[in-house]
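Novice: what follows is a protein structure lacking sequence information:
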């Protein structure tokens, strides 16, 4: 039985249990999808719910990269930080800091069930996903700057 260590984890488990109850009582077919490190265009890096990837990309645009997270699935945080540096064309400066309370230090996204039951197969690799996210973030910054200049005129 899963033992979540944060309110966020508890809420995800509760939602899965609710779905299982709908299945048991009403026979509704359900599938609980557990997304790992979701990122992509239109994700606000300043949101409190934002994951590490948009935060890394945002930091890479603003200043040399600072990393403050544990490791991920098949990519370590160090490898992720290096990939962000390559995509953003910035030098990577690593700063090791203590984990925050409730941070998951190790995770592994085993997509076997999603692949077999839903036919899911990732189509975008890490670096391509980072490039798409960075392109969107840059376009948003340009649009914000243009809007600010227009308002001043």
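Specialist: Looks like it came in fine. What you are looking at is a predicted structure, and each value in this text was computed from that prediction instead of being measured.

Novice: can you list the domain ranges for this protein.
Specialist: 1-32, 39-146 (automatic domain parsing).

Novice: for the ones you listed, which one ends up most surrounded?
Specialist: Comparing these by mean neighbour count (mean count of other CB atoms under 10 Å), domain 39-146 ranks first with a mean of 14. Just so you know, the C-beta spots here come from the backbone N, C-alpha and C atoms, and that holds for glycine as well.

Novice: distance from that one to the middle of the chain?
Specialist: 6 Å (CA atoms, centre = their mean, to the nearest Å).

Novice: kindly report the same for stretch 139-153.
Specialist: For stretch 139-153, the distance to the chain centre is 27 Å (CA atoms, centre = their mean).

Novice: weakest of the domains of the chain by average pLDDT?
Specialist: Among the domains of the chain, domain 39-146 carries the lowest mean pLDDT, at a mean of 76.

Novice: pull up the distance across that one, start to finish.
Specialist: 25 Å (CA to CA, to the nearest Å).

Novice: how about stretch 33-46?
Specialist: 25 Å.

Novice: what comes into contact with it?
Specialist: Residues from elsewhere that reach stretch 33-46 (CB atoms under 8 Å, 6 or more residues apart in numbering): 12, 50-55, 57-58, 72-73, 107, 109, 114, 129-130, 132-133, 135-137.

Novice: again, only this time at 6 Å
Specialist: Contacts of stretch 33-46 with the rest of the structure, by CB atoms under 6 Å, 6 or more residues apart in numbering, involve 51, 53-55, 58, 109, 133, 136.

Novice: alright, that wraps it up for me.
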